[in-house]
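Q: Let me see the structure of the following:
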Amino acid sequence: MENIDMTNCIVIKMQAATLKKIERNGKFTLFFNEQLAAIETGEDFPRPFKLTLKEGQQSYVFGRY
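A: Okay, the predicted model is just below:
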């Protein structure tokens, strides 16, 4: 079995990404394509965060990076 260092490892549990639309005073619209992830820092629990994807970028496949 391979010995893998899990410190500062980014974990993606779902491949699905969420597209958020934000309108400002009807003048312009912002779009955010986000994917949920967590980072393992060696603490008791991973720290969740949102991973922002570029326009047209495919979401990351679940796994450890």
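
Q: What segments of the chain are strands?
A: 9-12, 18-24, 28-40, 47-53, 63-64 (DSSP state E).

Q: Tell me what the residue most central in space within the chain is bridged to.
A: Residue closest to the average C-alpha location in the chain (C-alpha atoms, centre = their mean): residue 51, at 2.9 Å. Beta-bridge pairing of residue 51 under DSSP bridges involves residue 35.

Q: Give me the distance from the helix or strand of the chain with the lowest mean pLDDT to the chain's centre.
A: Within the chain, no helix or strand scores below strand 18-24, which has a mean of 85 by mean pLDDT, DSSP states H and E. Offset of strand 18-24 from its chain centre (C-alpha atoms, centre = their mean, to the nearest Å): 16 Å.

Q: mind showing which ranges of this structure have poor pLDDT?
A: Counting by pLDDT under 70, the ranges of the chain that qualify are 1-7.

Q: For the closest residue to residue 60 other than its chain neighbours, grab the count of nearby residues.
A: Leaving aside its sequence neighbours, residue 60 sits nearest to residue 12 (C-beta to C-beta, 6 or more residues apart in numbering; 4.9 Å). Using the backbone N, CA and C atoms, a C-beta is placed for each residue, glycine as well. Burial of residue 12 is recorded as 17 neighbouring residues (other C-beta atoms under 10 Å).

Q: wait, doesn't residue 12 sit right on residue 39?
A: No: using C-beta atoms under 8 Å, residue 12 is not in contact with residue 39; the gap is 10.7 Å.
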